[in-house]
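Undergrad: Following is a predicted model, sequence given first.
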Amino acid sequence: MTAPVSDRSDQALLQAHVDGDADAFGELFARHRDRLWAVALRTMGNPEDAADGLQDGMIAAFRRAGSYRGEAAVTTWLHRVVVNACLDRIRASKIRRLEALPDDVEDRGTLVATAAHDDRPEEAAEGTERRRRVLAALATLPADQRAALVLVDMEGYPVAEVALMLDCAEGTVKSRCSRGRTRLAGLLADLHHPTGDPPHGNPPPDGPVQPTVRPRGPPRA
Amino acid sequence: MTDSPRPTPEQEAVRRLLAESRHDGPTPPEVVARLDEALASLVAQRGTDPLVSDEPVPAPVTDLGARRRRLASVGLLAAAAVVVAGVALGQALPRSGDDTAAGGDAATADRESSLAESAQPDADDDSAAGSAETAPESLKSTMVAPDAGLPTLSSADPTLDQQVADLREDVARYQLGSTDALGRCELPATGSVRRLAAQVDGQAGALVFQRPDGAAQQVAVYVCGVPEPVRTLTLPAP
């Protein structure tokens, strides 16, 4: 994975790997590793299990690169293999993610987010606590719903692409997301209806969603 | 599956909370190092030969939940068929007849339903499984021999501490085989720790490395399926 970065496309790298180029897969995987890690981390719920799931996925992708048909983007295929590896691991070992959440909230993403608010410690603490609550609630969902929410709402991938990643119909992805959000809404009711700041007047029934601070969406190449 | 209705304001709020909880950091260096080691092993095993698929017809990805539901449905139908067949035969056969005849037919129906059930997983009617790309789960059965290359340990060995300490230093060597074997090993929930598959007392087992606590690190030696460790070790922290 330390091979020099080339300007070859993902597909060219994957084909080169299939043809025997020893460095191509490492370059390809390193290119998408951080986003795959984020998905694995949020799907598994803690860094240790995420590392296991990501490694499972990497091994499967390495060995089965020849099965890639080119029907979806290589990154979609990689996500699919890694997510499947994570879900397999969850199903096989019935991991108790809640027990590991204290480790997860100390992961690097949290630290980075906290560091951005060094001058506002109360805000940083609130953000950390809110994130801990969200991750704890997410961990209570069935794995399929959790994976759909991680890919759609956290990572911002389009539903159609997530359907390819999860190998199911778009309607199934929407349904899993909807059920998961409904359950999370109940678990996190106090976060989106802060007790100290009651809403003024009736909110518009179908008002536009306010943009988040950070833009969501798949990483740009 | 039909489309879900328009998201409610509560659901939209949840979407925002989830987006704010996205992980934005890079892959931790220790994970990168571990992946690099695993990849180096894969490359070394393969050499520079073109990749040859040892599975000519890749199994499609299957929704395990849907499969379980199908199996449950088939099981119920089979059980119902057995009951109906038994009742029908009981009605059709003369009362003075040989009871074993009805029992035999019922047993046959049972066998057939069992065959139908066992064949069900191969008859994939899941519309979601249209792709020919392969899922990791279906790959695991074709990977290297289950416990090949795993360390062999004895819980009664007086030098077990040193052996485990050596394994900890050379964990990457066993990582690939371990990944497969751990997937089949029932272990108690151990939280966020590192695990390594091993042969323990002649059985499939695992080493569970707890996070180092100061100058020490606890390591539990398990036999798969046994909730209590067969040996617990305290090693100097790495």
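TA: Received, thanks.

Undergrad: When you work out contacts or count neighbours from here on, use the C-alpha atoms and nothing else.
TA: Will do.

Undergrad: quick one: B:Ala33 from chain A, how far?
TA: With distances taken as Cα to the nearest Cα, to the nearest Å, B:Ala33 is found 9 Å from chain A.

Undergrad: Measure how buried that residue is and give me the count.
TA: 14 (other Cα atoms under 10 Å in any protein chain shown).

Undergrad: likewise B:Leu182?
TA: 24.

Undergrad: Let me know whether it touches B:Leu196 as I believe.
TA: Yes: applying Cα atoms under 8 Å, one finds B:Leu182 in contact with B:Leu196, separated by 7.3 Å.

Undergrad: okay, and the common contacts of these two?
TA: B:Ala206 (Cα atoms under 8 Å, 6 or more residues apart in numbering or on different chains).

Undergrad: The residue lying closest to B:Leu153 once chain neighbours are set aside - how many residues pack around it?
TA: Of all residues not flanking B:Leu153 in the chain, B:Val200 sits nearest, at 4.9 Å (Cα to Cα, 6 or more residues apart in numbering or on different chains). For B:Val200, the count of nearby residues is 21 (other Cα under 10 Å).

Undergrad: Quick check: phi and psi on A:Arg8?
TA: phi -70, psi 150 (degrees, to the nearest 10).

Undergrad: From A:Ala24, how far off is it?
TA: Counting by Cα to Cα, to the nearest Å, the gap from A:Arg8 to A:Ala24 is 9 Å.

Undergrad: neighbour count winner among these two?
TA: Neighbours per residue, other Cα under 10 Å: of A:Arg8 and A:Ala24, the larger number sits with A:Ala24, 24 against 13.

Undergrad: Quick check: pLDDT value at that one.
TA: You'll see A:Ala24 listed with a pLDDT of 94.

Undergrad: For the residue most central in space within chain A, which residues are in contact?
TA: In chain A, the residue lying closest to the centroid (Cα atoms, centre = their mean) is A:Val39, at 2.7 Å. Taking Cα under 8 Å, 6+ apart, we find A:Val39 in contact with A:Val83, A:Val150, A:Leu151, A:Glu155.

Undergrad: of those residues, buried ones?
TA: Buried members of the contacts of A:Val39, scored by 16 or more other Cα atoms under 10 Å in any protein chain shown, are A:Val83, A:Val150, A:Leu151, A:Glu155.

Undergrad: between those residues, which is closest to A:Asp49?
TA: Checking the buried ones among the contacts of A:Val39 against A:Asp49 with Cα to Cα, the nearest one is A:Val83 at 12.5 Å.

Undergrad: Correct me if wrong: that closest one contacts A:Ala40.
TA: Yes: applying Cα under 8 Å, one finds A:Val83 in contact with A:Ala40, separated by 6.8 Å.

Undergrad: hey, what's in contact with both of those two?
TA: A:Gly53.

Undergrad: and the nearest residue to B:Ala215 once chain neighbours are set aside, what are its phi and psi?
TA: Nearest non-adjacent residue to B:Ala215, counting by Cα to Cα, 6+ apart: B:Ala237, 4.9 Å away. Here is the backbone geometry of B:Ala237 (degrees, to the nearest 10): phi -60, psi 140.

Undergrad: Can you give me the neighbour number for B:Ala237?
TA: B:Ala237 has 13 nearby residues by other Cα under 10 Å.

Undergrad: ditto for A:Leu28
TA: 25.

Undergrad: got a list of what it touches?
TA: A:Asp10, A:Leu13, A:Leu14.

Undergrad: And it, which helix or strand is it part of?
TA: Per DSSP states H and E, A:Leu28 falls inside helix A:24-44.

Undergrad: that older thread, please report how far the residue nearest to the centre of chain A lies from A:Val134.
TA: Counting by Cα to Cα - A:Val39 and A:Val134 are separated by 15 Å.

Undergrad: helices and strands of the chain: which one bottoms out on pLDDT?
TA: You didn't say which chain, so I picked chain A. The helix or strand of chain A with the poorest confidence is helix A:108-115; it has a mean of 42 (mean pLDDT, DSSP states H and E).

Undergrad: ah, no, chain B please
TA: Using mean pLDDT, DSSP H and E, the lowest element in chain B is helix B:99-119, with a mean of 35.

Undergrad: other SSEs contacting whichever strand or helix holds A:Val173?
TA: Secondary structure from DSSP H and E places A:Val173 in helix A:170-187. Helices and strands touching helix A:170-187, by 3 or more Cα pairs under 8 Å, 6 or more residues apart in numbering or on different chains; DSSP states H and E, are helix A:121-138, helix A:143-149, helix A:159-166, helix B:9-20.

Undergrad: Chain B: strands as residue ranges?
TA: B:152-153, B:194-200, B:203-209, B:216-223, B:231-236 (DSSP state E).

Undergrad: Show me chain B divided up by domain.
TA: Domain assignment of chain B by automatic domain parsing yields the ranges B:64-128, B:152-236.

Undergrad: Below-threshold pLDDT in the chain: ranges please.
TA: Because you didn't say which chain, this covers chain A. A:1-5, A:94-120, A:193-221 (pLDDT under 70).

Undergrad: Correction: the question concerned chain B.
TA: In chain B (pLDDT under 70), the answer is B:1-5, B:48-73, B:86, B:88-149, B:170-180, B:183, B:189-193.
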